[in-house]
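Student: Generate coordinates for the sequence data below:
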Amino acid sequence: IPTDMFPSSLQSLDLETNYFTGSIPNDIFENCKDLQDVDLSGNKLLGTIDSKWGTLDKLSSLKFSNNNLTGTLPSEIFTPVMEVFAVELNNLTGTIPDAIFTSTSLRELYLDTNDFRGTISSRFGELKQLEYLVLFHNRLTGQIPKEIGNMMSLVSFQIPYNYVNGSVPSEVCALTPKPLENLWTDCKTPEGGGAPKVTCDCCSTNECFFGY
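Tutor: Sure thing, here's the model as predicted:
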């Protein structure tokens, strides 16, 4: 990405679906303090996500989907004004930082198809504005917390292909079919018989997966 293309007045940067390689230049943090929306999805970007994204205090939408980013999610990037955060289809690791729960304006969170580990925090129930919580294809463990049922704006909750077990809490099922229209879990009965990894009384057949 050229380093001379960022005017100080820049508010929106959309370089989605190109063939940019290398890392994200630091000029963007130093020169573009008014940035509100950044979409660098669908490129071939390398390296880690810099904590300096958190210094852009007007930034409400940050999308790095479908690149080759590595490392962990820095806590500093989650600010109170963040509304959309998308990093699916990368090679990110570590746990989901608790700092994400300070982004109380968050509406869309896409962390799928990475290598995140740890459990699904009960604190997700604090994100009252969150509509899309997409976590599939990671290495998350434990059970689905009942506090997900406090997310009264939740439209889509997708967690198949993790190592989650147990049952979908009745508090979560109570959100279906509205507002929760999509509830994806590893609730499909194995072809050889036996119990599914997750028991779900409110998932439709096409929302159930075998899992790993």
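Student: In space, what's closest to Ala174 - neighbours in sequence excluded?
Tutor: In space, and not counting its chain neighbours, Ala174 is closest to Gly149: 5.9 Å by CB to CB, 6 or more residues apart in numbering. For glycine as for every other residue, the C-beta is placed from the backbone atoms N, C-alpha and C.
Student: Quickly list what Leu133 is bridged to.
Tutor: Beta-bridge partners recorded for Leu133 (DSSP bridges): Leu109, Phe157.
Student: what's near enough to touch it?
Tutor: Going by CB atoms under 8 Å, 6 or more residues apart in numbering, Leu133 touches Leu109, Phe124, Ile148, Met151, Leu154, Ser156, Phe157, Gln158.
Student: Save those residues as TSV, and put in neighbour count too.
Tutor: Compiled in TSV, these are given as follows (neighbours: other CB atoms under 10 Å):
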residue	neighbour count
Leu109	24
Phe124	22
Ile148	25
Met151	23
Leu154	26
Ser156	16
Phe157	27
Gln158	19
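Student: Cys202: which of those is nearest?
Tutor: The shortest approach to Cys202 among those belongs to Phe157, at 11.3 Å (CB to CB).
Student: quick one: contacts for that closest one?
Tutor: The contact partners of Phe157, by CB under 8 Å, 6+ apart, come to Leu133, Ile148, Val172, Leu180, Asn182, Leu183, Trp184.
Student: tell me the secondary structure for the third one?
Tutor: This means Val172. Under DSSP: H, G, I helix; E, B strand; the rest coil, Val172 falls in the helix class.
Student: separation between it and Ile159?
Tutor: Distance, Val172 to Ile159, using CB to CB, to the nearest Å: 11 Å.
Student: on that earlier part again, now the contacts of Phe157: which count as buried?
Tutor: Neighbour-count burial (16 or more other CB atoms under 10 Å) applied to the contacts of Phe157 gives Leu133, Ile148, Val172, Leu180, Asn182, Leu183, Trp184.
Student: So which of those sit within helices?
Tutor: Counted as lying in helices by DSSP state H, out of the buried ones among the contacts of Phe157, are Val172.
Student: and Thr93, how many neighbours?
Tutor: Other residues within reach of Thr93, judged by other CB atoms under 10 Å, total 15.
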